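J.: Provided below are the primary sequence and the corresponding predicted coordinates.
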Amino acid sequence: MRRIQYSSIGGPEVLEVVEVPDPHAGPGEVRVRVRAAGLNPLDAKLFRGAPTASGVKPDLPSGNGHDFAGDIDELGEGVTGWAVGDAVYGQVPSNAQADFVVVAPDRLSRTPADLPVEMAGSLSISGRTAYNSVASLNLGPDDTVFVSAAAGGVGTLAAQLALRTGATVIGSASPVNHDFLRSIGVVPVAHGEGLLDALKAAAPDGLTAALDNHGRASVDAALAAGAPAGRVNSIADYAAAKDYGTTAIGGREFDRAGLDSVAALIASGDVKFPIESVFALEAVGEAYERLLGSHGPGKIVLVLD
Ligand SMILES: NC(=O)c1ccc[n+]([C@@H]2O[C@H](COP(=O)([O-])OP(=O)(O)OC[C@H]3O[C@@H](n4cnc5c(N)ncnc54)[C@H](OP(=O)(O)O)[C@@H]3O)[C@@H](O)[C@H]2O)c1
């Protein structure tokens, strides 16, 4: 099979397509024929040698990518409740960008019939992170919540899940993504210089909560615009928890029902999950250049034929 692999730390140019023997499902495992594999900043942190929240570092040579969707094509001994042909999505540590992945099915989710495979293959990390972070704040109609990086993979979902609680949502993004934010009901503000003034103008009575998907500058602006530290959850600035008493609930916990609920909302069209662009496996370097540069709202995904 083909897999994306890197043998040295560096930019997207270190990623190569290599041929390796087909893996097979062992006892208690299934093999999934991968159809789509979404990109996440975590993948790029690993191949670039940047620090990750968990401190994990790749063993070289390393596979790449976490999110995938496809269909089960082999069942290991003792597996029950799953069948060859089942459409599934999930995540595996640094091995998703390959023709096949072998996984224990307890970490898989069933792909809803109406969910396009590109979305399913981009959903696991962003979906569970957005679900967990929004759930952690117990938002409601009295809240005015700031969602930073609201046009990103996590931010688009977090903003819409927050809106569904009845909260007013203010989201930061580059101006080119503001029309998208308006289209989903989010009040847009630009990130960078002027963010705090923009937040104060958009929330004259002050923020009551914030979902940070960016880092320290956004956390600082949220606190200065009135959000109490205990109602600021950051998935991107873990040190803020120690420095300010904010929370850091991300995608580590797997809440299958929560993720399923997000998948159902996307499949029904009630929540938008834009696919920004699609690349072939062989164009993986180009895909990560796009992820790391400026781009439109939503996810970038590799599609395998
Ligand atoms: N803790 C966890 O469990 C967990 C899970 C998933 C992700 N994360 C982390 O959360 C972050 C977001 O992940 P993602 O998947 O949503 O990334 P993504 O899809 O690449 O989106 C990142 C967004 O950041 C925005 N951005 C760029 N410069 C900014 C700035 N100065 N201020 C505010 N926003 C800015 C971009 O918006 P514009 O294009 O509009 O400028 C872009 O949409 C990453 O650091 C990732 O590693 C953590």
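T.: Received the coordinates, thanks. Numbers count the residues shown, from 1 in each chain.

J.: And residue 189, its phi and psi?
T.: Note on residue 189: backbone dihedrals following degrees, to the nearest 10 are phi -130, psi 160.

J.: And the pLDDT at it?
T.: Listed pLDDT for residue 189 reads 98.

J.: partner residues bridging it?
T.: Here residue 189 sits in beta bridges with residue 172, going by DSSP bridges.

J.: okay but it is in contact with residue 199, surely?
T.: Yes. Using Cβ atoms under 8 Å, residue 189 is in contact with residue 199, at 6.2 Å. Every residue, glycine included, has its C-beta placed from N, CA and C.

J.: Which residues are in contact with each of those two?
T.: residue 170 (Cβ atoms under 8 Å, 6 or more residues apart in numbering).

J.: Now do the same contact list for residue 147.
T.: Residues near residue 147 by Cβ under 8 Å, 6+ apart: 155, 158, 159, 162, 169, 170, 171, 172, 186, 210, 211, 213.

J.: Find the nearest non-adjacent residue to the last one, please.
T.: Counting by Cβ to Cβ, 6 or more residues apart in numbering, residue 149 is the residue found nearest to residue 213 once chain neighbours are left out, at 4.0 Å.

J.: can you list the residues of the protein near the ligand?
T.: Within the chain, the positions near the ligand by Cβ under 6 Å from any ligand atom are 40-42, 53, 125-126, 129, 148-149, 151-155, 172-174, 177, 191-192, 213-214, 218, 235-236, 250-252, 291, 294.

J.: Now do the helices in the stretch 1-150 of the chain.
T.: 41-48, 117-120, 124-137 (DSSP state H, counting those that start in this stretch).

J.: Can you say which of these is nearest to residue 20?
T.: Residue 20 lies closest to helix 41-48 among the helices of the stretch 1-150 of the chain, at 17.5 Å (Cβ to Cβ).

J.: Identify the residues contacting that closest one?
T.: With contact meaning Cβ under 8 Å, 6+ apart, helix 41-48 is reached by 6, 9-12, 14-15, 50-52, 56-58, 62, 64-66, 94, 125, 288, 291-292.

J.: Stretch 113-127 too?
T.: Residues contacting stretch 113-127 (Cβ under 8 Å, 6+ apart): 34-40, 42, 66-70, 87, 89-91, 109, 111, 153-154, 156-157, 251, 259, 262-263, 266-268, 273, 275, 278, 299, 301, 303.
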